[in-house]
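Enquirer: need coordinates for the following:
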Amino acid sequence: MDSMSDTNLIDLKNLTLEELTDFLAGMGKENFRARQIMRWIYQRGACSFAEMTDLSKVLREELAGRAFISDWVPEVTEQSQDGTRKYLFRLADGQTVESVRIPMEGERATLCISTQVGCAMQCAFCLTGTFGLLRDLEPAEIVNQVCAALKDGPINNIVMMGMGEPLHNLENVIKALRIFYTTEGFDYGPRKITLSTSGLVPQMLELGRRIRVNLAVSLNATTDEVRDELMPVNRRYPLKELMAACREYPLQPRQRITFEYILIRGVNDTAADAKRLVKLLHGIAAKVNLIPFNEHEGSAFRAPLAESIEAFQTYLLDRNIVAIRRASKGQDISAACGQLKGKLEKQQGRLPAP
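Expert: Numbering: from 1, shown residues only. As a prediction, this is how the structure comes out:
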């Protein structure tokens, strides 16, 4: 962690290009300096103004008097046999968040990042929800997860599917997305980033109006009765409202909304569920990620049987719905959201044992 993060200095990683331009204009500096500084921070990994050799010494000293550049090093890293890598970061206020680097085909990698410390959504199958919501992450705390993981090699795709509900922290998430998209920042295209929501309907529609990003909806049930139990957010925005918002969400040509469906044995993995799911998705450009439940200590839920997964997927495919079975990675480490945080805090006496 950066030792200066508790001072009154501004962390430049909290600023979009427009905000950095305004900040520098307030110092009487030219607009192009903002692009220069962003390139140093995000493309060259500069952590101090002294490294920015094409800025004058006077400007570097002025900046050092007003701002700093945070730099993260994971407190704990766990490496799986399949190459999945889990990072735990300690924040300036002592809280912790996690990110997961997931190896893909070839040399490619996807990074799963967090947007909040804990989560208020209280989904029954999710360990993060047991911590409750402690606070939102700032833009710098969202982008620093990517900066830190890039030190271990390129990241091709980013998924906002870690700890927290991204749309519960909409303003900071949109700022982070702008930094990800800025040419002088990370220079990711909107198709490279996916945001996953439990279904906050008004914020989904606001997100669609304000910025482009792949949308993933955590669905996990085909009736309000079951979804109310699994995901309390459904009591406020039931399936009818959620699916209507999905139909309204603006999509680019050939773009689809991803529906994440965690298959839980005896809860939502039946033939009747598969049939209802087809009806729910009617008229939506959709793809379904089928995710077998990742069993963890303290949960009453069980992973589905192999034949249930197979039958569910086949039913969808036979009705021309793109249905991908997501293999759980990192099974030999604490790869599911909140598992590493939970394990460490239990060891440190901060959490009761389940």
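
Enquirer: could you say which helix or strand holds the residue of the chain positioned farthest from its centre?
Expert: In the chain, the greatest distance from the average C-alpha position (CA atoms, centre = their mean) is reached by Val58, at 38.7 Å. Assigned by DSSP states H and E, Val58 belongs to helix 57-66.

Enquirer: pLDDT of that helix, averaged?
Expert: Mean per-residue pLDDT for helix 57-66: 97.

Enquirer: now do stretch 30-47
Expert: According to the model, stretch 30-47 has a mean pLDDT of 97.

Enquirer: that stretch: how far from the chain's middle?
Expert: The chain centroid and the centroid of stretch 30-47 are separated by 25 Å under CA atoms, centre = their mean, to the nearest Å.

Enquirer: ok, now which ones touch the residue most central in space within the chain?
Expert: By CA atoms, centre = their mean, the chain has its centre lying nearest to Met160, at 1.6 Å. When contacts are counted by CB atoms under 8 Å, 6 or more residues apart in numbering, Met160 touches 113, 115, 166, 173, 193-196. Every C-beta, even on glycine, is put in place using the N, C-alpha and C of the backbone.

Enquirer: and those residues, which of them are in helices?
Expert: Val173 (DSSP state H).

Enquirer: would CSV of the contacts of Met160 with pLDDT and distance to Gln95 be doable?
Expert: Formatted as CSV, the contacts of Met160 follow (pLDDT from 0 to 100; distance: CB to CB, whole Å):
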residue, pLDDT, distance to Gln95
Ile113, 98, 15
Thr115, 98, 13
Pro166, 98, 17
Val173, 98, 18
Ile193, 98, 24
Thr194, 98, 25
Leu195, 98, 22
Ser196, 97, 21
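
Enquirer: of the contacts of Met160, closest to Thr222?
Expert: Ser196 (18.6 Å; CB to CB).

Enquirer: quick revisit: next step: the contacts of Met160 restricted to strands.
Expert: Within these, residues falling in strands by DSSP state E are 193-196.

Enquirer: looking at those, which two lie furthest apart in space?
Expert: Across the ones in strands among the contacts of Met160 (CB to CB), the longest gap, 10.9 Å, separates Ile193 and Ser196.

Enquirer: return every residue with contacts to both of the two.
Expert: Common neighbours of Ile193 and Ser196 (CB under 8 Å, 6+ apart) are 159-160.

Enquirer: CA atoms only: put the strand or helix carrying Val146 into PDB for me.
Expert: When elements are assigned from DSSP H and E, Val146 belongs to helix 139-150. Extracted C-alpha coordinates of helix 139-150, given in PDB (Å, rounded to 0.1, in the frame of the first residue of the first chain):
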ATOM      1  CA  PRO A 139     -12.100   4.600  -8.600                       C
ATOM      2  CA  ALA A 140      -8.400   4.300  -7.600                       C
ATOM      3  CA  GLU A 141      -9.200   1.100  -5.600                       C
ATOM      4  CA  ILE A 142     -11.000  -0.400  -8.500                       C
ATOM      5  CA  VAL A 143      -8.300   0.400 -11.100                       C
ATOM      6  CA  ASN A 144      -5.400  -0.500  -8.800                       C
ATOM      7  CA  GLN A 145      -6.500  -4.200  -8.800                       C
ATOM      8  CA  VAL A 146      -5.800  -4.200 -12.500                       C
ATOM      9  CA  CYS A 147      -2.500  -2.300 -12.200                       C
ATOM     10  CA  ALA A 148      -1.300  -4.800  -9.600                       C
ATOM     11  CA  ALA A 149      -2.300  -7.800 -11.700                       C
ATOM     12  CA  LEU A 150      -0.700  -6.400 -14.800                       C
END
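
Enquirer: which strands or helices does that helix pack on?
Expert: Secondary-structure packing of helix 139-150 (3 or more CB pairs under 8 Å, 6 or more residues apart in numbering; DSSP states H and E): strand 85-90, strand 96-103, strand 109-112, helix 170-181.

Enquirer: what lies in contact with it?
Expert: With CB under 8 Å, 6+ apart, helix 139-150 has contacts from 11, 13-16, 42, 45, 70-74, 87, 89, 91, 97, 99, 101, 111, 113-115, 155, 158, 162, 172-173, 175-176, 179-180, 186.

Enquirer: of those, buried ones?
Expert: 11, 13-16, 42, 70-72, 74, 87, 89, 91, 97, 99, 101, 111, 113-115, 155, 158, 162, 172-173, 175-176, 179-180, 186 (16 or more other CB atoms under 10 Å).
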